[in-house]
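Participant: Build me a model from this:
(chains A, B, C and D, ligands or ions: 4)
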Amino acid sequence: MLRDWYRTMALARAVDELMWVVGAQGKAHFILTSRGHEAAQVASAAALRPGHDYVFTYYRSMAAALQLGVTPEQIFLSVLAKKDDPFAGGRQLPNHFSIPALRLVSGSSSVATHLPHASGAGWAARVKGEDFVAVAYFGDGATAKGEFHEALTFAGIWKLPVIFFCENNGLAISVPVHLESPAPIWKKAEGYGMPGVRVDGGDPAAVHSAMAAAVAHARSGEGPTLIEAEVVRLVAHSNADDQSVYRSAAELAAAQALDPVRRVRESLLSAGVAEGSIVEWEREAKARAEAALAAAEAAPDPEASDARRHLYFGDG
Amino acid sequence: MLRDWYRTMALARAVDELMWVVGAQGKAHFILTSRGHEAAQVASAAALRPGHDYVFTYYRSMAAALQLGVTPEQIFLSVLAKKDDPFAGGRQLPNHFSIPALRLVSGSSSVATHLPHASGAGWAARVKGEDFVAVAYFGDGATAKGEFHEALTFAGIWKLPVIFFCENNGLAISVPVHLESPAPIWKKAEGYGMPGVRVDGGDPAAVHSAMAAAVAHARSGEGPTLIEAEVVRLVAHSNADDQSVYRSAAELAAAQALDPVRRVRESLLSAGVAEGSIVEWEREAKARAEAALAAAEAAPDPEASDARRHLYFGDG
Amino acid sequence: MAELTMLEAITLALREELARDPSVVLIGEDIGRKGGVFGATRGLQREFGELRVMDAAIAEVGIAGMAIGAACAGLRPVAEFQFADYILPAFDQIVNEAATLSYRSNGAYACPVVFRAPCGAGVHGGLYHSQSVETFFVHVPGLKVVVPSNPTDARGLLKSAIRDDNPVVFLEHKGSYRRERGEVPAGDVTEPLGRARVVREGSDVSVVTYGVGVRWAREAAASLEAEGVSAEIVDLRTVHPFDREAVARSVTKTSRAVVVHEANKTLGAGAEVAAFLAEELFEALDAPVARVAAKDSHVPYALAQETAIVPGVADVVAAVRQVVGF
Amino acid sequence: MAELTMLEAITLALREELARDPSVVLIGEDIGRKGGVFGATRGLQREFGELRVMDAAIAEVGIAGMAIGAACAGLRPVAEFQFADYILPAFDQIVNEAATLSYRSNGAYACPVVFRAPCGAGVHGGLYHSQSVETFFVHVPGLKVVVPSNPTDARGLLKSAIRDDNPVVFLEHKGSYRRERGEVPAGDVTEPLGRARVVREGSDVSVVTYGVGVRWAREAAASLEAEGVSAEIVDLRTVHPFDREAVARSVTKTSRAVVVHEANKTLGAGAEVAAFLAEELFEALDAPVARVAAKDSHVPYALAQETAIVPGVADVVAAVRQVVGF
Ligand SMILES: Cc1ncc(C[n+]2csc(CCOP(=O)(O)OP(=O)(O)O)c2C)c(N)n1
Ligand SMILES: Cc1ncc(C[n+]2csc(CCOP(=O)(O)OP(=O)(O)O)c2C)c(N)n1
Ligand SMILES: [Mg+2]
Ligand SMILES: [Mg+2]
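Facilitator: Numbering: from 1, shown residues only, chains lettered A, B, ... in the order given. Ligands and ions are numbered 1, 2, ... in the order given. Now for the predicted structure:
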């Protein structure tokens, strides 16, 4: 299991690094990243049933998306805003994951607005009497918004099958978490009558068992859970951000020391996995990312004449 | 002290009962009430410095307003929407208390929107280096709104001198508190890094000491407090509401048994206060309410020609 | 079928759609045990259960968000906002989330949500129980805005709104709830969104309006008749996107137009109608386009002042006289 | 004084007002340590401290509410919304709370708050970094809406907005931040709210616009000059309440009008200008009032599609030709 997760993490990292190159080349305008969040995303998504559970991601969820079945080709089609971008046809910024067959629901770029949507999907499960759960992925900064409160309030009152998965990287762009939340995030759960769990987001096994427990809890009708995964943001907020203005070299070094990809790699080695096969997986990941980019670059751009298409559903 | 509080409570009750008569007579269109909340309001407001501390009330805060220095005359001017209504000149529904000299700040009729305003006033205290505190009064239903969350988040992060005083009467119009909050209200405080206290809102001494502690805490720079006072709603939500549709006779009887005015009256008696003087205070209260109504009825109505005045500050 | 008030027609539409389609659900404050503060959902929770007719906490952002998320997972929610004044907290969810879902998913996700709210003044409710909020939604692509003027339209349009795959803001004038009564056709009859209706034929002037304005226009037209003025009344019914063809047809015929609504004048929905006419029917117009609307103010509680702000029949009569006499 | 970009002029205005008046405070996301995502507040937290230049949590309702409450207690807050797209969560606070405070307190409470936000498209930011939101606020009595087009106005109008006792929504086109540069006068110079300015004299047509539209109009006017068309440009500067006298004066002179803005056409601010002209200047107009605006759509990320939606110089030229050739 850890091996498969590592391969997905390595793929996410390879795609991520290539994205920044494409951005630096000016081929893509806006770059969003999951670098440092990979273990938390992959191990949590691995506890879900893709195509059955509804997943509301955010712009940092690329590794989770890959784990759920999104392909690197699809990601680069969105990074390059191509006509065949399956998420948005080039309308949205990159990495706004949306694939109905995977029950990955399109999100806006607004922080936290998708949390009540997850509660709504949980409501739908109860109305239909089906056993899917809904998951919302979001950051620490999102917990300050009223949507966080109202979403957890409804989920708690109606014992909706929802998992609120917070990836706490300690920053909201430049604002440190102590200026976003006056208390540890997992502690907010009690105010909503639901379990609150904090896990080391760099430890896939810990993340997976916490998520699996929350999913089982939700599926069996016992209601929602708030999970706080402690992660690190290894790079700038986006390619529009210069983090050196607000983040010291020491801070950055401390984050780098917690790079989840390296941490998992090391535990594989100490678990006796041959370095050779790890290197091979990493080579495959890079190759797959590069092939995906090449395919996407060859794809057509959206047509100006389609600019107003789908303003209303089914209008063409 | 308890005697003074009782006299204010009796006055609030007398004004309240007369309001409903005026409403039934069709002289006033909309009636809002503090009946059942008097002890919590009077004893908490008694811990404030009127004209120094900023108070953000809600439509149910009539007893608190009287304790802070609002007069029955002023209340009836607002009930009858008279030109000289000091709160709004007849623009607002009754009991939307606003008197700058008392630092009573005009509120809208929207639930919970004034909570962030109290946090903002607390911010002003810190910026100016003054020792006033800000208080927001609100109901249990208000705790579900995003404003509650964002207001407590800012107050908690910046240790603002704010007291969030929740009057939990178990209902939001017809919706019972278990459908408004998934957890006890006072328990939400921990998620905001502030003390949370629950008190019997029918016990003025308990309310006053909880409020006095919170005010001292805030004034000395230690930050905000959330207080939950358990109260009862003795009548319908407003004169537009028929509570018999959703509230059983047994429920109503249980609430009546907790009438704070009667409870305080009994404790005064058992404390040896002569019934005669209590009856005298009650007679005075009724007389004062009736005189206030008579004065307000004689006052002029607003002029149509002033309908657009003050749309912009200082425009006339 | 029996004569119903507009309020009864709305309850009927909700009951019919709940019965017809198990994916239809309602959410709102006090809509269950109390049946809504105006009674629009009376009896529905007992009939369909508390999960399908959900008494919501006071959390308008969450109510709108729950409805949107449920729609993504296959339901067709109808969210009630207790007063249109209290739909504003949900503005971001409706505008940035619901209105964009089809577009930003490149047509992959529909957003079949109806956002219902009682709107309008004249019931002496002050600043926060009197607002007309349609403008805020008419400016937004991806939304539809419906404002019925009578029981038959209220039922037929609400049924269409619930079956529509797009987010619809459905505004019900609370003054019309009991005042408007009429025969409602038997059977599963719907009214099309996006289509205006000429509710009175006339030759001298076109009164373009919707909602409560239709009643003012009818009463004005009746008294103008006595003066020999023949007014045509166009009930837009759907305010966004509005039926430009129907408006153009009528104004081309009468060459005079008065636009009427209760909302504030500045950038009220009538501004778009007037601008459209100034742009597209310049040559057909024999007189300036007049607008009858509220006097750009909040709605005060004191009766004399409310009356001074909110327009009515007399204002419509005066505007028509002025335009016809031009 | 030195030549400044519009962004530098805004920073200057904020620094000057913070220094001038200890009751002026700023609150917003990333405005402190980072100095704002566009740099509008760079250096100000170091200079004035973290209480007066507050790095806010991501909570727009709270940011607006904190500002309103602080204003009630004697401060003059300037709240920054990182993008105009994200001012919508605070819509209820701005419309139902800030805009009504003076009115509902019968003139007892002022609400001196400035709500600043970078607006507009053309920086390739997709649906949520490109919006024009002025319409939502122009419909609201009690609010003022300001959209500067150049550095001198940006500084002078922002200083006036901060000193104004009413809530002001101050929208800064992010495309103008670095593109617009100019001499900014030395000293404590302010520009009056509510006053338009004729930025180019002309005789054949009045181009009424604001914000980024002023640049389009200037470029269009220059190329139209070559065709012998003399265009007058009226920069509204304050979009609400707008300077009706100035617009009427210009259109009375030219008898032709083109209204230009980047916001969507349907019920964009231009609809009110066009409706006003159709109502009040009917006889002065020799041609229909044309509107240049976005094509009623969300703003897509893909460059070719964004360009297809958002208007520009060529659209202004075409509209003027059509109106002049009428
Ligand atoms: C409502 C809203 N306000 C502001 C923004 C601008 N913004 C984009 S990302 C971001 C920081 C989010 O921080 P966090 O939630 O911790 O997520 P992270 O990026 O750290 O994973 C902000 C403020 C936004 N997108 N939406
Ligand atoms: C934002 C908003 N939504 C809905 C309403 C309608 N409303 C008025 S009072 C009320 C119930 C408030 O309950 P609670 O907060 O418990 O206060 P109580 O009246 O019980 O003291 C509701 C839903 C409102 N005023 N504002
Ligand atoms: Mg973060
Ligand atoms: Mg209550």
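Participant: Could you measure from residue A:141 over to residue B:40?
Facilitator: The spacing between residue A:141 and residue B:40, counted by Cβ to Cβ, to the nearest Å, is 36 Å. Heads up, the C-betas are built off the backbone N, CA and C, glycines and all.
Participant: Report whether the helix or strand hosting residue A:137 contacts ligand 3.
Facilitator: Using DSSP states H and E, residue A:137 maps to strand A:134-139. Yes - against ligand 3, strand A:134-139 shows contacts by Cβ under 5 Å from the ion at residue A:139.
Participant: continuing past that strand, what's the next helix or strand?
Facilitator: Downstream of strand A:134-139, the first helix or strand assigned by DSSP H and E is helix A:146-157.
Participant: would you list every one of the helices in chain C?
Facilitator: Using DSSP state H, the helices of chain C run over C:6-20, C:44-48, C:60-72, C:91-92, C:101-104, C:134-138, C:151-163, C:176-179, C:212-226, C:244-254, C:269-280, C:303-309, C:313-324.
Participant: looking at these, which is closest to residue D:281?
Facilitator: helix C:269-280 (10.0 Å; Cβ to Cβ).
Participant: between the helices of chain C, which gets nearest to residue D:251?
Facilitator: Residue D:251 sits nearest to helix C:269-280 of all the helices of chain C, at 12.0 Å, using Cβ to Cβ.
Participant: counting contacts, what elements does the closest one pack onto?
Facilitator: helix C:134-138, helix C:244-254, strand C:257-264, strand C:290-294, helix D:269-280, strand D:290-294 (3 or more Cβ pairs under 8 Å, 6 or more residues apart in numbering or on different chains; DSSP states H and E).
Participant: With distance to residue C:124 added, can I get the helices of chain C in TSV?
Facilitator: Converted to TSV, those look like this (distance: least, Cβ to Cβ, whole Å):
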stretch	distance to residue C:124
helix C:6-20	18
helix C:44-48	28
helix C:60-72	24
helix C:91-92	26
helix C:101-104	38
helix C:134-138	21
helix C:151-163	23
helix C:176-179	14
helix C:212-226	15
helix C:244-254	33
helix C:269-280	24
helix C:303-309	6
helix C:313-324	18
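Participant: deepest of those, which one?
Facilitator: helix C:60-72 (a mean of 31; mean count of other Cβ atoms under 10 Å in any protein chain shown).
Participant: So which elements touch it?
Facilitator: Packing partners of helix C:60-72 (3+ Cβ pairs under 8 Å, 6+ apart): helix A:115-128, helix A:146-157, strand C:24-28, strand C:76-80.
Participant: what's the closest of those to residue B:281?
Facilitator: helix A:146-157 (42.9 Å).
Participant: more neighbours, residue A:141 and residue B:40?
Facilitator: Shown here are residue A:141 and residue B:40; by other Cβ atoms under 10 Å in any protein chain shown, residue B:40 has more neighbours (35 against 26).
Participant: three-state assignment of that one?
Facilitator: helix (DSSP: H, G, I helix; E, B strand; the rest coil).
Participant: who's in contact with residue 98?
Facilitator: Just so you know, I chose chain A. Contacts of residue A:98 were listed using Cβ atoms under 8 Å, 6 or more residues apart in numbering or on different chains, and they are A:86-88, A:104-107, C:104-105, C:108-109.
Participant: wrong chain, I was asking about chain C
Facilitator: Residue C:98 neighbours (Cβ under 8 Å, 6+ apart): C:64, C:68, C:111, C:113, C:115, C:142-143, C:167.
Participant: Can you pick out the most distant pair from those residues?
Facilitator: Every pair of the contacts of residue C:98 checked by Cβ to Cβ; the farthest is C:64 and C:142, at 14.5 Å.
Participant: what separates the residue nearest in space to the middle of chain C from chain A, distance-wise?
Facilitator: Centroid check for chain C by Cα atoms, centre = their mean gives residue C:147 as the closest residue, at 1.4 Å. For residue C:147, the distance to chain A equals 19 Å [Cβ to the nearest Cβ, to the nearest Å].
Participant: Now do the contacts for that residue.
Facilitator: Contact analysis of residue C:147 by Cβ under 8 Å, 6+ apart lists C:119, C:134, C:170-173, C:210-211, C:236-237, C:239.
Participant: Once you drop chain neighbours, what's closest to it?
Facilitator: residue C:211 (4.0 Å; Cβ to Cβ, 6 or more residues apart in numbering or on different chains).
Participant: so how far is ligand 4 from the one you found?
Facilitator: Noted for residue C:211: a distance of 33 Å to ligand 4, by Cβ to the ion, to the nearest Å.
Participant: Report how many residues lie close to that residue.
Facilitator: For residue C:211, the neighbour count with other Cβ under 10 Å is 30.
Participant: what are the phi and psi values for it?
Facilitator: phi 60, psi -140 (degrees, to the nearest 10).
Participant: Pretty sure it sits against residue C:171.
Facilitator: Yes - with contact defined as Cβ atoms under 8 Å, residue C:211 counts as touching residue C:171 (7.1 Å).
Participant: Please enumerate the shared neighbours of these two.
Facilitator: By Cβ under 8 Å, 6+ apart, residue C:211 and residue C:171 have these common neighbours: C:119, C:147.
Participant: per-residue confidence for residue A:315?
Facilitator: On pLDDT, residue A:315 comes in at 83.
Participant: roughly how far apart are the residue nearest to residue A:87 when sequence neighbours are not counted and chain D?
Facilitator: Leaving aside its chain neighbours, residue A:87 sits nearest to residue A:98 (4.3 Å; criterion: Cβ to Cβ, 6+ apart). Per Cβ to the nearest Cβ, residue A:98 is found 13 Å from chain D.
Participant: same question, residue A:281
Facilitator: From residue A:281 over to chain D the distance is 33 Å, taken as Cβ to the nearest Cβ.
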